[in-house]
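Novice: one predicted model, sequence on top.
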Amino acid sequence: MDIAPIKFQSAEFITSAPSLKQCPDDIGCEVAFAGRSNAGKSSAINTLTRNKNLARTSKTPGRTQMINFFQLGEAQRLVDLPGYGYAKVPVAMKAQWDRHMAEYLQARKSLGGLILLMDIRHPLQDYDRQMLNWAAQAGLPVHILLTKSDKLKRGPAQSTLLKVEGFLREMDPGITLLTVQTFSSLKKLGLPELEAQLNHWLSADFVAP
């Protein structure tokens, strides 16, 4: 039986949680968005949901400091994780974010996949690799969005995509957990591919490897 595509434009904010203990009930299925503070995470969520005001965006990186939950269906959620790697955030706060994100990624049973956003001009930074390692330890599928792809011409963008694909093959030789695509919130490039991945992860019959 075919499953109806998710209506992402129906997304509604539920709550913000400072840690795993304050998160909503761990039931159903959710997909989390993670990335550096300037990778365009909130913009991607707003583009996906056709709601420019859903996830808070700011010209000041590091403003998303809690785990934000958005309801899609009765048991389907999108999750906006705190942006990481912003230098002006106090060291103690960064350590706290790291601890809460690692705990969430490794202990949240309803987490079906991770959308990891990287600026296509600066992919695979140290925190990005740390995020991939956390996900690998949890056996969590990751789909990478190389954001702001409109900032590069087609040739350099394709070259970066191939470079990241090569890195992922080394981490996951079977190519079962790690995938990547180019994306632009501004031009809405790659939106159908993102929607297809989320529909797959959030569908009732999907079980992570």
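Specialist: Cool, got the structure. Residues are numbered from 1 along each chain as shown.

Novice: pull the longest strand from this protein.
Specialist: When the chain is parsed with DSSP state E, its longest strand is strand 111-119.

Novice: what's the mean pLDDT across that strand?
Specialist: Confidence for strand 111-119, expressed as mean pLDDT, is 96.

Novice: so how far is the next helix or strand after that strand from its chain's centroid?
Specialist: Once the chain leaves strand 111-119, the next helix or strand it forms, by DSSP states H and E, is helix 126-138. Centre-to-centre, helix 126-138 and its host chain are 12 Å apart (Cα atoms, centre = their mean, to the nearest Å).

Novice: tell me the buried residues in helix 126-138?
Specialist: 127, 128, 131, 132, 134, 135, 138 (16 or more other Cβ atoms under 10 Å). Heads up, the C-betas are built off the backbone N, CA and C, glycines and all.

Novice: sheet partners, orientation included, of the longest strand of the chain?
Specialist: For strand 111-119, the paired strands and their directions (DSSP bridges) are strand 29-35 (parallel), strand 142-147 (parallel).

Novice: and the angle for it with helix 126-138?
Specialist: Relative orientation of strand 111-119 versus helix 126-138 (axes from the mean of the first three to the mean of the last three Cα atoms, to 10 degrees): 160 degrees.

Novice: could the C-alpha coordinates of strand 111-119 be exported in CSV?
Specialist: What follows is strand 111-119, C-alpha atoms only, in CSV (Å, rounded to 0.1, in the frame of the first residue of the first chain):
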residue,chain,number,x,y,z
LEU,A,111,14.9,9.4,15.9
GLY,A,112,14.7,7.9,12.4
GLY,A,113,17.4,9.9,10.7
LEU,A,114,19.6,13.0,10.7
ILE,A,115,19.7,15.7,8.2
LEU,A,116,23.3,17.2,8.5
LEU,A,117,23.7,20.6,6.8
MET,A,118,27.1,21.8,5.6
ASP,A,119,27.9,25.0,3.7
